[in-house]
Each structure stands twice: as C-alpha cells, then as structure tokens.
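In: Got a predicted structure here, sequence first:
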Number of protein chains: 2
Amino acid sequence: MGRMTSFPTVRSAEALEQGNTLAPRFDANGLIAAVATHAETGEVLVLAWMNAEALGKTLETGEAHYFSRSRNELWHKGATSGQVQVIEELRVDCDQDAVWLKVWPQGDGGACHTGARSCFYRVVEGGKLVRK
Amino acid sequence: MGRMTSFPTVRSAEALEQGNTLAPRFDANGLIAAVATHAETGEVLVLAWMNAEALGKTLETGEAHYFSRSRNELWHKGATSGQVQVIEELRVDCDQDAVWLKVWPQGDGGACHTGARSCFYRVVEGGKLVRK
C-alpha cells in the first residue's frame, strides 16, 4: 500500500456505525488514536497514533505501525527495540475515530521506551503518581 | 475544582516519566486521550478525551468525566444514560499524554451510545468490519 494508502469516507452516521465499510475518521492532523492491549492479559500497553499509512501497514503486515508525532514519521513498533507487536485482532469504535489492537508483544515483551512492560506504570493516588 | 482546574507543568523528561507529580500534557486543543476498560473483564469500553476540567472532576468525584468534542462541553458520562463509570483505578502513561481508567459501568452496563456494551463492537477482517 505504501504512501498511497487511502480509505473510503463515509458520511452517514448509520453507515459509519452499523456498516461493514472500514472508513476511519482521521483528525485534522490526519491521525487516529490507537490503543494496544496485551492479547492474553488485557493490560493496556500503549496509546499511540496512526495515520492512514500506519493503519494500512498494520493491516497489511499484521504488525503494529504507528505515526510518531515527535519524530513526524511512520513508526514500525519494534523495528529498533525488537518489541514488535503482532496483531491478534484489530477493532474500530462506533464512529471510527479510534482503533483497538490486541497484540502479542515480541522481543523482551516490553512496550515502553522506559523499559516498562506497559507505558501505564503509574497509578494516580491522592493526587500523586505511584509506580505499581 | 470547576473551571479553574489546573495541573502543574513538568518539562524534564526524567521528572515527567519517573516522578510522582501528576503533570498531564494536554494537546494544542487542551485535550488528553483517555481509554476506559472494564475493571473486571479488561474489555476496552471507550476511547474519549478529557480537558483539565474533566480530569479534575474525574479525580474529584470518582466518576468518569470526558470532554465532548462534538458538543464542545464537559460530559459527565452517564448523567443522561445512567451509564456512569465508577473509577476503580486511574493511570497515566510514560510521557503523561494519555490516561487509562479502569471502571465499573453502572446502569445497564453499557458504554456506547449505540447500545453496545463497548464502542469497539466491530473487528476488521479482510478489510471489512464484522460485528462480534
């Protein structure tokens, strides 16, 4: 698919919500939110962003691709770290402005650049962050 | 807290990622992504947005508040539908630009305005959407 990846646009709420056409609604920056959970444990691993190319590559390869907002480029998760995320299932939400990936983390099983298994390694308790 | 809700700003990556200060990084529109999962089953229920007021109200009341981008207003989830989401736990990610809520859905247990239990009721299979 490469850079030419495109998806159809669906305008009717009925078709968007009840239809069988994948018609992701990218925002003004061309991005859609993507949440990845561990296929077995259900733990939320990472919340990231996809542009049309990243979503296309994810569907084409079966491995999670995101769009790095900080580097402004396509990001094949794990290409450097080995923490490739193999897709078990990909879902879209009702109005198709978010996707949910159930993934199998490869490499050391981590997902976060800090070395943590999940990016969500801190809980808010009493207004402060507690690692747990 | 009301409209005056504010959070500190932390600029160092070290403090942001490893510190105990809740310093959410709202985007240019003043929003942060929030993913809610079912506290018991782990199912992803909804991916929505919070502004500082919504995050403040969520922490203050123990019930999920979002910011509705379509209505451009604070949205106390369930205030109309009864599908209040009682917070079991609230986490932030490494760079504090996303939050993960583990919630107990009230009312009829649903989360989606379509009547579905989760907004993510369709899987992408062979390029098409399949309800399951």
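Out: Sure, I can see it. Computed from a prediction, not measured in an experiment: that's the story for all the values here.
In: where does chain A come near chain B, residue by residue?
Out: Within chain A, the positions lying close to chain B (CB under 8 Å from any CB of the partner chain) are A:17-22, A:33, A:35, A:37, A:41-44, A:46-47, A:59, A:89-94, A:98, A:100, A:112-114, A:116, A:119-124, A:127-130. Where C-beta positions appear, they are placed from N, C-alpha and C, glycine not excepted.
In: Now with 6 Å, please.
Out: Residues of chain A lying close to chain B (CB under 6 Å from any CB of the partner chain) are A:17, A:20, A:22, A:33, A:35, A:42, A:44, A:47, A:89-94, A:98, A:100, A:112, A:114, A:119-120, A:122-124, A:128-129.
In: Residue A:25 belongs to a strand?
Out: No: using DSSP: H, G, I helix; E, B strand; the rest coil, the secondary structure at residue A:25 is coil, not a strand.
In: was I right about it contacting residue A:94?
Out: No: between residue A:25 and residue A:94 no contact is recorded; they are 10.9 Å apart, counting by CB atoms under 6 Å.
In: that older thread, buried ones among the residues of chain A next to chain B?
Out: Judged by neighbour count, with 16 or more other CB atoms under 10 Å in any protein chain shown as the criterion, the buried members of these are A:17, A:22, A:33, A:35, A:44, A:47, A:90-94, A:98, A:100, A:112, A:119-120, A:122-124, A:129.
In: Filter the residues you listed down to just the ones in strands.
Out: Using DSSP state E, the members of these that fall within strands are A:33, A:35, A:44, A:47, A:90-92, A:98, A:100, A:122-124, A:129.
In: Columns pLDDT on top of the residues you listed, output as JSON lines?
Out: Shown next, in JSON lines, are these (pLDDT from 0 to 100):
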{"residue": "A:33", "pLDDT": "98"}
{"residue": "A:35", "pLDDT": "98"}
{"residue": "A:44", "pLDDT": "98"}
{"residue": "A:47", "pLDDT": "98"}
{"residue": "A:90", "pLDDT": "98"}
{"residue": "A:91", "pLDDT": "98"}
{"residue": "A:92", "pLDDT": "98"}
{"residue": "A:98", "pLDDT": "98"}
{"residue": "A:100", "pLDDT": "98"}
{"residue": "A:122", "pLDDT": "98"}
{"residue": "A:123", "pLDDT": "98"}
{"residue": "A:124", "pLDDT": "98"}
{"residue": "A:129", "pLDDT": "98"}
